[in-house]
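**Student:** Fold the following, please.
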Amino acid sequence: MKDTTKQIEWLEAMRELNGAKKVEKAKLISMKIDPVLLNAFKLKCELENRPYTTKIKELMQDYLAQSD
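**Tutor:** Numbers count the residues shown, from 1 in each chain. Reported below is the predicted structural model:
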């Protein structure tokens, strides 16, 4: 039963992600990242003229769009 519930939750999240009306504000998260990794990531994003937080969101969307 748990797997079915998780699948339904995931499908709903994907439906919302793919154009359904947003019902919630963006969530603020906190996570620990190695300072060297974060600095390198920020610098690369700067070179691409992209905010690093936007790039993180794009990477998350790309990951979810991949088929298994």
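**Student:** Name the helix or strand for the spatially most central residue of the chain, please.
**Tutor:** Centroid-nearest residue in the chain: M60, 3.2 Å away (criterion: C-alpha atoms, centre = their mean). Here M60, judged by DSSP states H and E, is contained in helix 52-65.
**Student:** List the contacts of that helix.
**Tutor:** Outside helix 52-65, the residues that touch it by C-beta atoms under 8 Å, 6 or more residues apart in numbering are 14, 17, 41-42, 45-46, 48. C-beta: built from backbone N, CA, C; applies to glycine.
**Student:** out of those residues, which are buried?
**Tutor:** 41, 45 (16 or more other C-beta atoms under 10 Å).
**Student:** Redo the contacts of helix 52-65 as CSV? Include secondary structure.
**Tutor:** Below are these laid out as CSV (DSSP: H, G, I helix; E, B strand; the rest coil):
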residue, secondary structure
M14, helix
L17, helix
F41, helix
K42, helix
C45, helix
E46, helix
E48, coil
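**Student:** least confident pick among the contacts of helix 52-65?
**Tutor:** Lowest pLDDT within these is found at L17 (81).
**Student:** how about that residue, what does it touch?
**Tutor:** Per C-beta under 8 Å, 6+ apart, neighbours of L17: 61, 64.
**Student:** distance of it from K2?
**Tutor:** 22 Å (C-beta to C-beta, to the nearest Å).
**Student:** With I56 instead?
**Tutor:** From I56 to K2 the distance is 29 Å (C-beta to C-beta).
**Student:** Neighbour count: the two, which is higher?
**Tutor:** I56 (15 against 6; other C-beta atoms under 10 Å).
**Student:** so how far is F41 from that one?
**Tutor:** 8 Å.
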